[in-house]
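S.K.: Any chance you can model this:
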Amino acid sequence: MILWPTHVRQACLCPRLMVDNYVHHHEHRIRSAGTVFHGRFFHDQVAARMFDQLAGPPEQELVSIIVKNIRDPLALADALWEHLDGEYLSRALEGPNLPKNINANQIEAMANGLGLLSGFLAEMIARQKPFFRSGRKLVQSLFQSPEKKMTAAMTTASGTTFEITGKYDALLFDRQDNEFVILEFKCKNDFEVIGDLEQLALYAWLIRQSSQIPARGAVFYLDQIGEIKRITSEELEAAFEATSNLINAIGQWIPAKDLTQARIPATHVPGLCPKCPLDLKCEQLFGSRRTEEADKLFGPAKTLFPTGPELTDPGIELGRRLDAPGEHVYWNILGPDRSLPNAHMLIVGTSGSGKTQVLKAIIAGIIDRGVTPLIFDFNDDYVGQDFIDRHGIQVVNPLDGLPLNPLVLTPDRTDGTVLVMSSIFELAGILRKVYDLGDQQEANLRTAMEACYRNHGLTRDTRQAPTGVSPGFNEIEAQIRLLPGHLPLLNRLSPIFSLNLFRDARDDQDFAEFITRPTVIRLAPLPTEEVKLAVGEFVLLRLYNYLVTGNHHPSVRYAVVIDEAHKMSLSDAVSKLFREGRKYGLGVILSSQKAQDFHSDVHANAATCLFLKNNELSDRNYIAKTLVGTKKDSKEISESLAMQNAFEAIFRNDDYKPFTRLRISPYFERYPAPTSKS
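M.R.: Next up, the predicted model:
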């Protein structure tokens, strides 16, 4: 038996409608109030043709548009919109298949949807840029064949075997995250949105079955005010569990000889029954309505647009809007209705703008919501007794020893093998960057590291993960001393060896426990900037390796917080965590005095930005350009950044477009310092 994802989607709306459709071949449509959007016309005549063309040999005009505007995502989005509108939507509206009853509002909704798509594609193209020198190759890699039919067998718990068959609307491949991106175009009327998550989860499962590559989703809801809902690959994997439970139930319902005895539940969606086309036939075909069975199977009705107080979580409160003081501003990275693609945030502000108080307030907010922060403190701003006691934070001084060993080899997540030389090059590269080593010094350092591993039976040919104790970090020093002309290298690295920072960590078993509690790493007591940076790099690299050996996680569970982030602006580990941390439930919060301190990877992947008072003209202009497109607006924003008071900021993410202005509630207002009775 064939089962389509649309069957599963319909079962989420009403199992009885779905079974009647499947068994009796009745096609049911639930009419919503208001304008009916011509989704089939848009799908067949616009989207399908467009993506079929884009997935073929790249048209030269599109490639030229990408090459010309690749450095300016806003200009690229506008150029794509103009091109796609003229090439596909306008031609479809002039073609023979135009519905007779289409009106101006519906055409406007289609044009707005194309604008949303153009902005999304511009963002995706910008993400692919580092991996391609040719615009043509970028297009060929990004756009996959649309409407590709996929099939995989699934046997239910009752023994029914379904041939799961589906065709997504369009498919992209994100080279940066090594994930497919499923695109769906849908209406947003009344009950149309129910079951979309389960349908996408089934598409993602089909893709994983054939390619072993995860997939995330982007649903374009076309209406007078269009909207994009993004669903991460982790969320789709989590949703598939509920989807498979539903398919197990369908496997019992469909083969039933007497549908009235099959205990098929009625809908659990409030307000649907009065509009249902089955009407009185429902109980004749399926018996009395059993809403309690639907509640048991589905739980509360869920959509990508959850409503009702039990499903609403506005997020971490930041403050109030300056233009509407009664309206709160939230950073929503945890609620079920979150729409942000990740939990990364950039905070920019000059000295005295309130960055530390803002960061403390955000740290307190994420801890209250069960997220575990790892805070890198360069100036002892986060070690106050009241702060750490109130929020259960542990303070770690690296001079007392850190619970990690940089030389521990990380097994590959897929096959469990290790690569000794890969680890050596990675660690030597960190020390080269931090201590500004020359080519020969770095080569000598790699030779010493390789000798350390060899003394523990690990060679460059080793693939099996070691079962014994890994070499200790200070063994590197002993091996350097055996090299001819070792003094220049040893003198450069002697501080990090003499401090014995990793003395109690040889097998790295304590690191997992170390990150289960909110933690501040005190970098201020360390003697040199190089040692501070090396410690930061090693901890972040170990965190990255720890995460990638585990499973994907659909919700945020960890947060890396770095104040004075300009000191680690060139960190490879920070860039890696920004690019890939989302998959493993990690957010990164960086704070610095200038927006231009951050690496391009950081700007490309930060879903949220918070811009406090800024006194540097060039940096203000840089920020303004990222927020708006016109010179006039940029000048106004640049001037306003200079005039903001402490704790006033411009806040930007997908929930507040293009941005909003607010006054952030500082930590000292939220948690007044304790005072004596006298």
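S.K.: show me the residues around the closest residue to Leu612 other than its chain neighbours that make contact.
M.R.: Take Leu612 and drop its neighbours on the chain: the residue closest to it by C-beta to C-beta, 6 or more residues apart in numbering is Gly349, 2.8 Å away. (C-beta placed from N, C-alpha, C; glycine too.) For Gly349, the contacting residues are Lys355, Val358, Ser591, Gln593, Phe611, Leu612, Lys613, Asn614, Ala649, by C-beta atoms under 8 Å, 6 or more residues apart in numbering.
S.K.: measure the first one to Ser569 for me?
M.R.: Same thing as Lys355. Separation of Lys355 from Ser569 (C-beta to C-beta, to the nearest Å) stands at 16 Å.
S.K.: which one of those two has more residues nearby?
M.R.: The neighbour comparison of Lys355 against Ser569 (other C-beta atoms under 10 Å) goes to Lys355, with 25 against 17.
S.K.: how far away is the more buried one from Leu590?
M.R.: 11 Å.
S.K.: what residues are shared contacts of the two?
M.R.: Ile347.
S.K.: Take the contacts of Gly349 and lay them out in TSV including secondary structure and distance to Gln176.
M.R.: Converted to TSV, those look like this (DSSP: H, G, I helix; E, B strand; the rest coil; distance: C-beta to C-beta, whole Å):
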residue	secondary structure	distance to Gln176
Lys355	helix	29
Val358	helix	29
Ser591	strand	24
Gln593	coil	28
Phe611	strand	25
Leu612	coil	29
Lys613	coil	33
Asn614	coil	29
Ala649	strand	29
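S.K.: Name the member of the residues you listed with the most neighbours.
M.R.: Ranking the contacts of Gly349 using other C-beta under 10 Å puts Ala649 first, with 31 neighbours.
S.K.: I'd say that residue and Thr608 touch.
M.R.: No: using C-beta atoms under 8 Å as the test, Ala649 is too far from Thr608 to be in contact (11.5 Å).
S.K.: now the end-to-end length of stretch 518-534.
M.R.: Using C-alpha to C-alpha, to the nearest Å, one end of stretch 518-534 lies 21 Å from the other.
S.K.: Tell me how far it lies from the chain's centre.
M.R.: 29 Å (C-alpha atoms, centre = their mean, to the nearest Å).
S.K.: swap in stretch 514-531?
M.R.: Here the centre of stretch 514-531 is set off from its chain's centre by 27 Å, with C-alpha atoms, centre = their mean.
S.K.: and Gly490, how many neighbours does it have?
M.R.: That one is not Gly; residue 490 is Leu. Neighbours around Leu490, by other C-beta under 10 Å: 16.
S.K.: do the same with the one 4 residues further on
M.R.: A total of 13 residues lie near Ser494 under the criterion other C-beta under 10 Å.
S.K.: which SSE is it in?
M.R.: helix 487-498 (DSSP states H and E).
S.K.: Buried ones in that helix, by neighbour count?
M.R.: Leu489, Leu490, Arg492, Leu493, Pro495, Ile496, Phe497 (16 or more other C-beta atoms under 10 Å).
S.K.: swap in stretch 613-633?
M.R.: Lys613, Asn614, Glu616, Asp619, Arg620, Tyr622, Ile623, Ala624, Lys625, Thr626, Leu627, Val628.
S.K.: next one: stretch 452-469
M.R.: Buried residues in stretch 452-469 (16+ other C-beta under 10 Å): Cys452, Tyr453, His456, Leu458, Thr462, Pro466.
S.K.: Throw these into CSV and include pLDDT, distance to Val181 and secondary structure, thanks.
M.R.: Below are these laid out as CSV (pLDDT from 0 to 100; distance: C-beta to C-beta, whole Å; DSSP: H, G, I helix; E, B strand; the rest coil):
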residue, pLDDT, distance to Val181, secondary structure
Cys452, 93, 43, helix
Tyr453, 93, 40, helix
His456, 90, 43, coil
Leu458, 91, 39, coil
Thr462, 90, 37, coil
Pro466, 81, 38, coil
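S.K.: avg pLDDT for the helix holding Ser494?
M.R.: In this model, helix 487-498 has a mean pLDDT of 90.
S.K.: Could you do stretch 9-19 as well?
M.R.: 87.
S.K.: Using PDB, write out the CA atom coordinates for it.
M.R.: Presented in PDB, the C-alpha positions along stretch 9-19 are these (Å, rounded to 0.1, in the frame of the first residue of the first chain):
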ATOM      1  CA  ARG A   9      -0.800  15.600   7.000                       C
ATOM      2  CA  GLN A  10      -4.600  15.000   6.600                       C
ATOM      3  CA  ALA A  11      -4.600  12.500   9.400                       C
ATOM      4  CA  CYS A  12      -3.200  15.200  11.700                       C
ATOM      5  CA  LEU A  13      -6.200  17.300  10.800                       C
ATOM      6  CA  CYS A  14      -8.700  14.500  11.100                       C
ATOM      7  CA  PRO A  15      -8.000  10.700  11.000                       C
ATOM      8  CA  ARG A  16     -11.500  10.000   9.800                       C
ATOM      9  CA  LEU A  17     -11.200  12.300   6.800                       C
ATOM     10  CA  MET A  18      -8.000  10.700   5.900                       C
ATOM     11  CA  VAL A  19      -9.300   7.100   6.100                       C
END
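S.K.: Let me see the contact set for Asn379.
M.R.: Ala524, Asp563, Glu564.
S.K.: Quick check: PyMOL command selecting the buried ones in the residues you listed.
M.R.: In PyMOL syntax, the buried subset of these is picked out as below (16+ other C-beta under 10 Å):
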select buried, resi 563+564
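S.K.: from the contacts of Asn379, which ones fall inside strands?
M.R.: Among the contacts of Asn379, none falls in strands (DSSP state E).
S.K.: measure the residue nearest to Thr350 when sequence neighbours are not counted to Tyr584 for me?
M.R.: If the residues on either side of it in the chain are set aside, Thr350 comes closest to Asn615, at 4.6 Å by C-beta to C-beta, 6+ apart. To Tyr584, Asn615 is 37 Å away according to C-beta to C-beta.
S.K.: again, but for Leu236
M.R.: From Leu236 over to Tyr584 the distance is 15 Å, taken as C-beta to C-beta.
S.K.: any chance you could map the strands in the stretch 551-678 of the chain?
M.R.: Here the stretch 551-678 of the chain has its strands, by DSSP state E, counting those that start in this stretch, at 558-562, 586-592, 608-611, 648-653, 656-664.
S.K.: got these as a markdown table, with mean pLDDT and distance to Ile375 columns?
M.R.: Output for those, formatted as a markdown table (pLDDT from 0 to 100; distance: least, C-beta to C-beta, whole Å):
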| stretch | mean pLDDT | distance to Ile375 |
| --- | --- | --- |
| strand 558-562 | 94 | 4 |
| strand 586-592 | 93 | 9 |
| strand 608-611 | 94 | 17 |
| strand 648-653 | 94 | 21 |
| strand 656-664 | 91 | 18 |
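S.K.: Just put the ones you listed in a markdown table and tack on distance to Asp389.
M.R.: Shown next, in a markdown table, are the strands of the stretch 551-678 of the chain (distance: least, C-beta to C-beta, whole Å):
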| stretch | distance to Asp389 |
| --- | --- |
| strand 558-562 | 18 |
| strand 586-592 | 22 |
| strand 608-611 | 27 |
| strand 648-653 | 28 |
| strand 656-664 | 24 |
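S.K.: mind checking which of these is nearest Arg49?
M.R.: strand 656-664 (29.2 Å; C-beta to C-beta).
S.K.: just to revisit the earlier point, and which of the contacts of Asn379 is nearest Gly416?
M.R.: Ranked by distance to Gly416 (C-beta to C-beta), the contacts of Asn379 are led by Asp563 at 37.2 Å.
S.K.: pretty sure that closest one is touching Asp377, no?
M.R.: Yes: shown here, Asp563 and Asp377 form a contact pair, counting by C-beta under 8 Å, at 6.7 Å.
S.K.: start to end distance for stretch 585-602?
M.R.: One end of stretch 585-602 sits 17 Å from the other (C-alpha to C-alpha).
S.K.: to the chain's geometric centre, what's the distance from that stretch?
M.R.: For stretch 585-602 - counting by C-alpha atoms, centre = their mean - the centre lies 15 Å from the chain centre.
S.K.: Stretch 441-458 too?
M.R.: Worked out by C-alpha atoms, centre = their mean, stretch 441-458 lies 37 Å from the chain centre.
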